[in-house]
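A.B. asks: predicted coordinates and the sequence they were generated for:
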Amino acid sequence: MATARLSDYVRIVGEEPIEELRRLAAPLQGMRIQHINSTRVGGGVAEILDRLVPLSRELGLDAVWDVIEGDQRFFQVTKAFHNALQGKAADLVPEDFEAYLATNRRNAERVALDGDMVFVHDPQPAALVTYARRPRPGARLVWRCHIDISRPQERVWRFLERFVSRFHAAILSAPQFGRPLGIPQYLVPPSIDPLADKNRELSPEEVMAVLDRFGIDRRRPIVTQISRFDRFKDPVGVIRAFRMVRRRVNCQLVLAGGGATDDPEGAEVLAEVQEAAGSHPDVRILALETRSDVEVNALQRASQVVVQNSTKEGFGLTVSEALWKERPVVAGATGGIPLQVIDGFDGYLIHSPEGAAHAIRYLLQNPAEAERMGHNGRSHVQRNFLLTRQLRNELLVIHSMLAPDQPEVVLEAALEGGAHVDA
Ligand code: UDP
């Protein structure tokens, strides 16, 4: 499908929100907005930037998206950071911290911070704030955090905090992620693009074609979780829940996921999932290619219940994606998920595989309830989690940060060379 333009969103959200975006962008014409993250494909951040950047350009902003480069070691370290920041014990040695710093230092040579507004996404490129050569005069630097940093492992957090506190501001996805950072913190939940291939309407034939291609039985109810194979998304727990459900209801489970180039743990977790599934005839594990957007869309639409069994989750785009398709969602009561799933309204918030099993079974056995919740979910996402709302929030953040009383960030290379490594 051709990439959607701003005017295409009018039929989804109405005239006024689009006009408002144009009004908010008018004073910012030509401003260079730079986004920096660590992968072009896979995971929620890439998913969002893929659409936010072109729409910002259409609004007259000079938006660009740069990606840092790292070797396998770097991504192993940043995945361990990611795990530790979300509370899991990490076994890190001083050389790991050194590898992180060295990669950021190298990237500072490649990727100049040359935006008037620079959004640095997540921990991977955060140390660029220290190593960057001379940013534009008056540039504003924002750390855009997409993960749950509410209860981090102290050692990794203390290491990262010294970079985070050098930004002008941070943006978080859920209110409970706020921390005493000494810089302003904005709350901007992520969003989905209703017109992207991942979320646009599909004909029944398109949905059926995908089911047939994957050899999924069309006649029996489908329960699905679509996620990177990541332990925080607890796919093994989904299999446990499904086994409990399957004793009472004739249904099938689809666990689908692909990799992200900045997540080296996927293969290991996939192997654990395959082992947990054993030879169960009703469990399908699909390793999706990158950019399988229509496939993800069709699998979500074909499902009676969508599961997101996360134990930690910054936001969980997959939840809004399923709700938008009027599917009730059974999801972990964690991070940004309770913004999207309101227990008993558009799905159920769960705390264990047993809880998940109970909720899934209830929804499979009460299709009218499932349908009611699906409708509720769609209108909840319509009001709160579409891309146009996020774009509006980001424009408001820019306006707020350009206000004259904002403090300057000192970007002298105070940590250069001697960036103290926490051993
Ligand atoms: N996704 C995908 N293919 C996959 C697995 C996930 O396209 O095999 C997409 C999913 O539909 C969602 C994004 O990747 O748009 C994942 O974002 P989310 O916030 O749910 O989790 P993250 O991976 O960022 O932790």
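C.D. replies: That came in fine, so what should we check first?

A.B. asks: show me which residues of the stretch 101-250 of the chain are close to the ligand?
C.D. replies: With the criterion set to CB under 6 Å from any ligand atom, the stretch 101-250 of the chain comes near the ligand through 198, 226-228. C-betas here are computed from N, CA, C, even on glycine.

A.B. asks: and whichever helix or strand Glu371 is part of, is it in reach of the ligand?
C.D. replies: Assigned by DSSP states H and E, Glu371 belongs to helix 367-384. No. Helix 367-384 stays clear of the ligand (CB under 6 Å from any ligand atom), getting no nearer than 13.2 Å.

A.B. asks: hmm, back to that, now tabulate the residues of the stretch 101-250 of the chain next to the ligand in a markdown table and tack on neighbour count and pLDDT.
C.D. replies: Converted to a markdown table, these look like this (neighbours: other CB atoms under 10 Å; pLDDT from 0 to 100):
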| residue | neighbour count | pLDDT |
| --- | --- | --- |
| Lys198 | 23 | 97 |
| Ile226 | 25 | 97 |
| Ser227 | 25 | 95 |
| Arg228 | 20 | 92 |
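
A.B. asks: residues contacting Tyr100?
C.D. replies: Contacts for Tyr100 (CB atoms under 8 Å, 6 or more residues apart in numbering) come out as 74, 77-78, 81, 127.

A.B. asks: filter those residues down to the ones in helices?
C.D. replies: Taking DSSP state H, the ones among the contacts of Tyr100 that sit in helices are 74, 77-78, 81.

A.B. asks: which strand or helix spans the most centrally placed residue in the chain?
C.D. replies: The centroid of the chain falls nearest to Gly44 when counting by CA atoms, centre = their mean (2.9 Å). Using DSSP H and E, Gly44 sits in helix 43-58.

A.B. asks: quick one: low-confidence parts of the chain?
C.D. replies: Low-confidence segments of the chain, defined by pLDDT under 70: 1-2, 406-423.

A.B. asks: still on that earlier bit, farthest-apart pair in the residues of the stretch 101-250 of the chain next to the ligand, please.
C.D. replies: Pairwise distances across those (CB to CB) peak at 14.7 Å, for the pair Lys198 and Arg228.

A.B. asks: what's the distance between the closest residue in space to Val13 that isn't next to it in sequence and Glu15?
C.D. replies: Of all residues not flanking Val13 in the chain, Thr388 sits nearest, at 5.2 Å (CB to CB, 6 or more residues apart in numbering). Going from Thr388 to Glu15 by CB to CB, to the nearest Å gives 12 Å.

A.B. asks: can I get the contacts of Tyr100 in JSON lines with neighbour count?
C.D. replies: Putting these into JSON lines (neighbours: other CB atoms under 10 Å) gives the following:
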{"residue": "Phe74", "neighbour count": "23"}
{"residue": "Val77", "neighbour count": "24"}
{"residue": "Thr78", "neighbour count": "25"}
{"residue": "Phe81", "neighbour count": "26"}
{"residue": "Ala127", "neighbour count": "26"}
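
A.B. asks: between those, which sits nearest Val111?
C.D. replies: Minimum distance to Val111 across the contacts of Tyr100 is 12.1 Å, recorded for Ala127 (CB to CB).

A.B. asks: the residues of the stretch 101-250 of the chain next to the ligand in helices, which ones?
C.D. replies: If you go by DSSP H, these have nothing in helices.

A.B. asks: name the nearest of the residues you listed relative to Pro135.
C.D. replies: Closest approach to Pro135 among these (CB to CB): Arg228, at 32.4 Å.

A.B. asks: measure the closest one to Ile149 for me?
C.D. replies: Arg228 is 19 Å from Ile149, by CB to CB.

A.B. asks: also Ser38?
C.D. replies: Here the criterion is CB to CB. By it, Ser38 lies 17 Å from Ile149.

A.B. asks: for the ligand, give me its nearest residue in the stretch 101-250 of the chain.
C.D. replies: Arg228 (4.6 Å; CB to the nearest ligand atom).
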